[in-house]
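J.: When you get a sec, could you give me coordinates for this:
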Amino acid sequence: MNMTYEYKNNFKRPRSTVSYQQKLTLLKRMIVEYVHENAALVDELEEIQVKTIMRKEERKFLLRKLCEYEPLVAEEVQKAARRGIQSPAVVQDGKKPKKRNSDASERRFSTLKPRRPTMKSGKKKLVRPVPTDSTGRPIFPINLGKLTIHSLGDVLTDRPEFHSEEAIFPVGFVSTRIYGSLKDPTTRCIYTCKISDENGSPLFAIACDDGSTEITGDTPDVCHSLLLQQINDALSLNVVSTRPRGNDFFGLTHPTVLHLLQGFPATRKCLNYRWTRFEVSKSADTVKDQNDAGLSYDYLQRSINLCKYKMAPDVLQKPSDFIDNI
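T.: All right, here's what the predicted structure looks like:
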C-alpha cells in the first residue's frame, strides 16, 4: 500500500492547455503582422521597379538627344550638292551688284592661255610602289589595307564636274571597302563604290553586298551621308556622325590613288585640281586606316559598344577603352 501511494503522488498531471492557447494566439498574431509587412514591402518594391524602368527610359531618351550633337539631314546635303560650289553674289547695304561688261570679259578670256595646274605647297609625300605589268600599268586589284582598288577608270577633262581641288572623279573607277552592314551594322559587309557618267555629270554609287538598295548621289559626300544616316536608322541610335567624308570612303584621296591618277596624261588638263608632290619609295610607311567611325568598321563597332554601354551600364559589360566622366 505504501508503494502504491508513493507512485500516485509522484505522477505529474498534464499542464493546463491555457498556456498553449496563448502561445498559439501570439504566433497567429505574429504571422498576420509578417504577412501585412511582406505585402507592404512587395508594393514598395513594385513602385521602385516602375520608377527604375521610367528612369531608364528617360535616360535612353536623353542619350539619344545627346548623341544628336551634329544634326545633318541628308536632304540638306543633297540640296547643297545640287547648288554647286559657286554661290551667287551677295547684295550688301541694299546696293545692287555692278554688271560686268560681257563683251569685254569674253575678249579678255579669249586671249588668256589655259591655266596651268596648281601645285600644293609642302614637302613631297612618300608612297610605296605598286606592282605593275610588263607595260608599266598597275596590276589590279590594288590592296590598300581595308580599301581595295579594282579599276582607276578614265579621266575626263572636257567637263569640270569630274574633278575638284582635292580629288579626281574618273569614269569607271571602282573600289571596295569593308564596313558595317546597312541591315545589321555589327556585321561585316563589302561596299562597292563606283563612278559613272550620267547625262554629262558624274554619278556616284555605293552598293552593299547584304542586298540593300544601292545609294546614289551627285557627289561622294551625298552618298556617304545617306549611308551613315541609314546606319544610325538601323540601330535607332546615332552611333556615328553624319558629317560626310565621301572622297575618303571612295578612296579618291588615298595617296596611292592620287599618285596613280596624276600619272595619267589627261590629269594635267584638270585645271581646278591641285597637284600633290609624290615620291615613290620602298621605305615609305604604309598608310594606316583612319580612326573614324564613318570609315573604319572596327571604330564603328567601338562606337556602337560605347553607346550601348552608356544606355545600360548596369547590364552590359564596361568596354576596355571606355573613359569615365566624359
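
J.: Outline the domain layout of this protein.
T.: Following automatic domain parsing, one finds the domains of the chain at 21-67, 115-311.

J.: can you redo the ones you listed as CSV with mean neighbour count?
T.: No exception for glycine: its C-beta is placed from N, CA and C like everyone else's. Formatted as CSV, the domains of the chain follow (neighbours: other C-beta atoms under 10 Å):
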stretch, mean neighbour count
domain 21-67, 11
domain 115-311, 17
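
J.: Including mean pLDDT, could those go into CSV?
T.: What follows is those, written out as CSV (pLDDT from 0 to 100):
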stretch, mean pLDDT
domain 21-67, 83
domain 115-311, 91
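
J.: and R59, how far is that from K310?
T.: To K310, R59 is 9 Å away according to C-beta to C-beta, to the nearest Å.

J.: now swap in L144 and tell me
T.: With the distance defined as C-beta to C-beta, L144 ends up 34 Å from K310.

J.: now do A234
T.: For A234, the distance to K310 equals 18 Å [C-beta to C-beta].

J.: got it, and G136?
T.: From G136 across to K310, the span is 53 Å (C-beta to C-beta).

J.: all strands of the stretch 51-200 of the chain, in order?
T.: 118-119, 125-127, 142-144, 147-151, 174-180, 188-198 (DSSP state E, counting those that start in this stretch).

J.: So what touches the helix or strand following the last one?
T.: If I follow you right, that is strand 188-198. Sequence-wise, the next helix or strand downstream of strand 188-198 (DSSP states H and E) is strand 201-208. Contacts of strand 201-208 with the rest of the structure, by C-beta atoms under 8 Å, 6 or more residues apart in numbering, involve 159, 161-162, 169, 171, 181-182, 189-197, 214-220, 222-224, 227, 246, 249-250.

J.: Give me the subset of the residues you listed lying in helices.
T.: The helices, defined by DSSP state H, take in P220, V222, C223, H224, L227, G246, F249, F250 from the contacts of strand 201-208.

J.: Can I get these in TSV including distance to Y273?
T.: Output for these, formatted as TSV (distance: C-beta to C-beta, whole Å):
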residue	distance to Y273
P220	15
V222	20
C223	21
H224	20
L227	25
G246	16
F249	19
F250	16
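
J.: Grab the most central residue of the protein for me.
T.: The centre of the chain sits closest to V240, judged by C-alpha atoms, centre = their mean, with a distance of 3.3 Å.

J.: Much appreciated, bye for now.
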